[in-house]
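**Q** Structural data only, the sequence is not supplied:
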């Protein structure tokens, strides 16, 4: 998914996530690697939150870089999984 693509972000539904992430926020997208390959994660893009979708999803739009299903979008200590569909 490249800049301009719509993405869906799955989260735990906990109040801390809902308080920390709001429409209009821009989150960094990280690609996590297995520990036997690398101990680091890499920023691969940025996603803007458009709207919440129910209790466990946000709809977003890629504004920079790329994302793949399974990448993490993070803001502070909270994170969401990038998913192909809500």
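**A** That came through, no problem. Please read these numbers as outputs of a predicted model, since none were measured by experiment.
**Q** Within the helices and strands, which one has residue 82?
**A** Element membership of residue 82, judged by DSSP states H and E, is strand 78-83.
**Q** For burial, what's the neighbour tally of residue 27?
**A** 24 (other Cβ atoms under 10 Å). Using the backbone N, CA and C atoms, a C-beta is placed for each residue, glycine as well.
**Q** shaky segments in this structure?
**A** Along the chain, the model assigns pLDDT under 70 to residues 33-39, 85-86.
**Q** Which parts of it are helices?
**A** Listed in chain order, the helices found in the chain under DSSP state H are 15-20.
**Q** most centrally placed residue in it?
**A** Centroid-nearest residue in the chain: residue 73, 2.7 Å away (criterion: Cα atoms, centre = their mean).
**Q** In its sheet, which strands sit next to the longest strand along the chain, and in what direction?
**A** When the chain is parsed with DSSP state E, its longest strand is strand 41-53. Using DSSP bridges, strand 41-53 pairs in its sheet with strand 26-32 (antiparallel), strand 57-65 (antiparallel).
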